[in-house]
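# My questions concern the predicted model and sequence given below.
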Amino acid sequence: MRTEYRQLLLRYVLPAVLLGAVAAAVLVLLPDSGNTTSTQAPAAQNISGRPRVCLLQTDTHSTSDRTTEQQVWSALQRVTPSGRVNLQRLSAGSATGRQLAPYLNSLVARHCRLIIAVGRPLAEPVKHNSAQHPHQRYALVAAATGTRRVAAIPPTSSGLDKQLAAVLTDVVPM
C-alpha cells in the first residue's frame, strides 16, 4: 500500500504542485501588458524632522466625550498644514488616574511638541505630568482651567478649529 501511495504522489501530485508553482512565478514576474499607464513611485519625504502633535484619549468616558475626541481629531487634521506637522493619536484604553502616566510619558518620549488630551478623566494626570516635564506643552479639551504649560480648550464644537489653531501656532511654527 505504501508503494502505491508513493507512486501516486510522485506521478500526479508532485508534478501538479511544481506546475502550479512555476505558473505562479511566471504570472508574478511578467509585466502587466494591459496596463498602458506608467506609474510613478511616491516621493519620499523625511517626516522625522517635522514637529509632532499627539492626541491622547481614553475609553472611560461618555458618548459626548467620544464625539468631542472625534471633533478634535478632525479639527486637528483641518488646521495643521499638510506635510508640515505629524499628527499622532494614542488611546489609553480604560486606564484612569495614575494608570495614565505611562501613556503621557510615552508621548513625551516620542518628542511630541504638543500633547492634546480630551476629557475630564485626563485633567489631573495631565496637570501632574506637566509638573514633571516642565519643557512639555499640553492642551486639555475639558471643562477645566489651564496653567502656564496646559492650555485649556472648552469642549464645544463652535470655534474649535480657531482655538486649536491658536494653541498650535504657539507651539509649532506654521
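Perfect, I can see it now. Bear in mind the structure is a predicted one, so any value in this text is a computation, not a measurement. Residues are numbered from 1 along each chain as shown.
# Now do the buried residues in stretch 119-139.
Neighbour-count burial for stretch 119-139 flags 119-123, 125-127, 129-130, 136-139 (criterion: 16 or more other C-beta atoms under 10 Å). Every residue, glycine included, has its C-beta placed from N, CA and C.
# Ok, stretch 106-123 next?
Across stretch 106-123, burial judged by 16+ other C-beta under 10 Å covers 107-108, 112-123.
# now, which of the residues you listed sits nearest Ala166?
Nearest to Ala166 among the buried residues of stretch 106-123, counting by C-beta to C-beta, is Leu114 at 11.7 Å.
# quick one, what contacts the closest one?
If you count contacts by C-beta atoms under 8 Å, 6 or more residues apart in numbering, Leu114 has them with 53-54, 137-139, 167-168, 171-172.
# now those as TSV including distance to Pro155?
Shown next, in TSV, are the contacts of Leu114 (distance: C-beta to C-beta, whole Å):
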residue	distance to Pro155
Val53	18
Cys54	18
Arg137	19
Tyr138	15
Ala139	12
Val167	14
Leu168	18
Val171	20
Val172	22
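# Tabulate these (CSV), appending pLDDT and distance to Leu87.
Supplementary listing: the contacts of Leu114 in CSV, determined by pLDDT from 0 to 100; distance: C-beta to C-beta, whole Å:
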residue, pLDDT, distance to Leu87
Val53, 90, 6
Cys54, 91, 8
Arg137, 91, 15
Tyr138, 91, 16
Ala139, 90, 13
Val167, 85, 14
Leu168, 84, 10
Val171, 74, 13
Val172, 72, 11
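# could you dump the residues you listed to JSON lines with secondary structure and distance to Gln7?
What follows is the contacts of Leu114, written out as JSON lines (DSSP: H, G, I helix; E, B strand; the rest coil; distance: C-beta to C-beta, whole Å):
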{"residue": "Val53", "secondary structure": "strand", "distance to Gln7": "68"}
{"residue": "Cys54", "secondary structure": "strand", "distance to Gln7": "65"}
{"residue": "Arg137", "secondary structure": "strand", "distance to Gln7": "75"}
{"residue": "Tyr138", "secondary structure": "strand", "distance to Gln7": "74"}
{"residue": "Ala139", "secondary structure": "strand", "distance to Gln7": "74"}
{"residue": "Val167", "secondary structure": "helix", "distance to Gln7": "77"}
{"residue": "Leu168", "secondary structure": "helix", "distance to Gln7": "74"}
{"residue": "Val171", "secondary structure": "helix", "distance to Gln7": "75"}
{"residue": "Val172", "secondary structure": "coil", "distance to Gln7": "72"}
